[in-house]
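Trainee: Please work out how this folds:
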Amino acid sequence: MKRATVIPRDQWTISGGFCGSLSIQSIALTYGAWISQDRVRKQTPYGGGGHGDKTEGYEVLPANINTTLNNLKLDHTMFDTTLPQP
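Mentor: A predicted model of the protein is given here:
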């Protein structure tokens, strides 16, 4: 399957900037799945910091991104942060 190129987007500038949810949304779009930034944040558990609440959802952080991707049912592999940068 040929994937589309990730297209740069404007992120929301409120409540933490939404850069994590924007990144997940953009990557999912390359596979034909549109997921709103709102939906991403509402599938994100509290990550021990960042912005958000139970009503509006939480900011995607290194501490909660794996759970977020699992909650969204997105197949993924987490980068081992103990390895050198690629």
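
Trainee: Every contact and neighbour count from this point should use C-alpha atoms.
Mentor: Fine.

Trainee: so residue 18 touches residue 61, yeah?
Mentor: No: using Cα atoms under 8 Å as the test, residue 18 is too far from residue 61 to be in contact (10.4 Å).

Trainee: Skipping adjacent residues, who's closest to residue 60 in space?
Mentor: residue 20 (5.0 Å; Cα to Cα, 6 or more residues apart in numbering).

Trainee: residues near residue 23, how many?
Mentor: 17 (other Cα atoms under 10 Å).

Trainee: Confirm that it lies within a helix, as I assumed.
Mentor: Yes: according to DSSP: H, G, I helix; E, B strand; the rest coil, residue 23 belongs to a helix.

Trainee: What residues does residue 59 make contact with?
Mentor: 16, 18, 20, 21, 41, 44, 46, 47, 50, 51, 52 (Cα atoms under 8 Å, 6 or more residues apart in numbering).

Trainee: Tell me which stretches of this structure form helices.
Mentor: 19-30, 37-42, 65-71 (DSSP state H).

Trainee: Using a markdown table, lay out those helices together with mean pLDDT and distance to residue 86.
Mentor: Shown next, in a markdown table, are the helices of the chain (pLDDT from 0 to 100; distance: least, Cα to Cα, whole Å):
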| stretch | mean pLDDT | distance to residue 86 |
| --- | --- | --- |
| helix 19-30 | 89 | 19 |
| helix 37-42 | 94 | 27 |
| helix 65-71 | 97 | 20 |
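
Trainee: Would you mark the buried spots in stretch 57-68?
Mentor: By neighbour count on 16 or more other Cα atoms under 10 Å, the buried set for stretch 57-68 is 57, 58, 59, 60, 61, 64, 65, 66, 68.

Trainee: so what's the last one up against?
Mentor: Spelled out, that is residue 68. By Cα under 8 Å, 6+ apart, the contact set of residue 68 is 40, 43, 44, 45, 60.

Trainee: was I right about residue 48 contacting residue 63?
Mentor: Yes: Residue 48 is within contact range of residue 63, at 7.4 Å (criterion: Cα under 8 Å).
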